[in-house]
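Undergrad: Next input, structure requested:
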Amino acid sequence: MLEPRICPDKIALGQAAAEAGAETIRAAITARGEANIIVATGASQFEMLAALTAMPDIAWERVTAFHLDEYVGLPVSHPASFRHYLRERFLAATGNRARLVEVNGEAADPEAETARLGALIDPLPIDVCFAGFGENCHLAFNDPPADFQTKRSYLVVTLDETCRRQQLGEGWFKSLADVPTRAISMSIPRILKSRRIVLAVPDARKAAAVRDAVQGPVTPLHPGSILQRHPDTLLFVDPPAAALLAK
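TA: Numbering: from 1, shown residues only. Predicted coordinates for the structure are as follows:
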């Protein structure tokens, strides 16, 4: 069962999600001397990342962070690059103390890049995955119908129009034609191997995705719905994102 926790606003949502993830990071460092996490990007993660990186009691030098997804062919200098985003909003905000394993969307061979990333992440336990839902209920860049069965940790995926229009609507690109059509994304089975998943999902435009993920059937047509089957997923929403949930 995926039970949303409704927070009064985006700031409170980001703080609550950050605290839930930080608790897991601290526990992993205490138990093993290190923590492995997955960090997401996009407008929905602004408040969560700001709160997480502001916490003074996380030993970031003991944290390895894996990158969820990146556009194929987009230079890191582009404002919409998720590597650019994470270097600025995560890595620099930790004082460059954490280790960030980036998805290189500019790799000459994207399939070889998925293999490289898989070899790095597969031997490790992932303590917490920070993520959100897309407007089409995508998880990472796994648009519907998502692959729930793949054995691979990263995939080269084709982005659907709803996903690309979301990126345009958030102001990352000047036109739909500028939005890349392919990306490298962590797979859903790899995300599900995380011990804890912390979702930060604000805004009315995510309300249908929240409803479908929480109260709909588990189906590749609503990729986020698979989290109903994960044993420790925490979903933080604000009132607009919760607006379509049945009472």
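Undergrad: Which residues does the helix or strand of the chain with the lowest mean pLDDT contact?
TA: Taking mean pLDDT, DSSP states H and E as the measure, the chain has helix 161-169 as its least confident helix or strand, at a mean of 89. Residues outside helix 161-169 that contact it (Cβ atoms under 8 Å, 6 or more residues apart in numbering) are 80, 134-136, 138, 141, 143, 173, 175-176, 178-179, 181, 205. Any C-beta I mention is one placed from the backbone N, CA and C, and that applies to glycine too.
Undergrad: next helix or strand past the longest helix belonging to the chain?
TA: Determined from DSSP state H, the single longest helix within the chain is helix 10-32. Secondary structure here is assigned by DSSP states H and E; on that basis, the next helix or strand after helix 10-32 toward the C-terminus is strand 35-39.
Undergrad: name the helices or strands packed onto that next one?
TA: Contact analysis of strand 35-39 by 3 or more Cβ pairs under 8 Å, 6 or more residues apart in numbering; DSSP states H and E lists helix 10-32, strand 63-67, strand 128-131 as its packing neighbours.
Undergrad: From residue 8, how far out is residue 14?
TA: 12 Å (Cβ to Cβ, to the nearest Å).
Undergrad: Then residue 68?
TA: Here the criterion is Cβ to Cβ. By it, residue 68 lies 27 Å from residue 8.
Undergrad: Those two: who's more crowded?
TA: Legend: neighbour count by other Cβ atoms under 10 Å for residue 68 and residue 8, higher for residue 68 (28 against 10).
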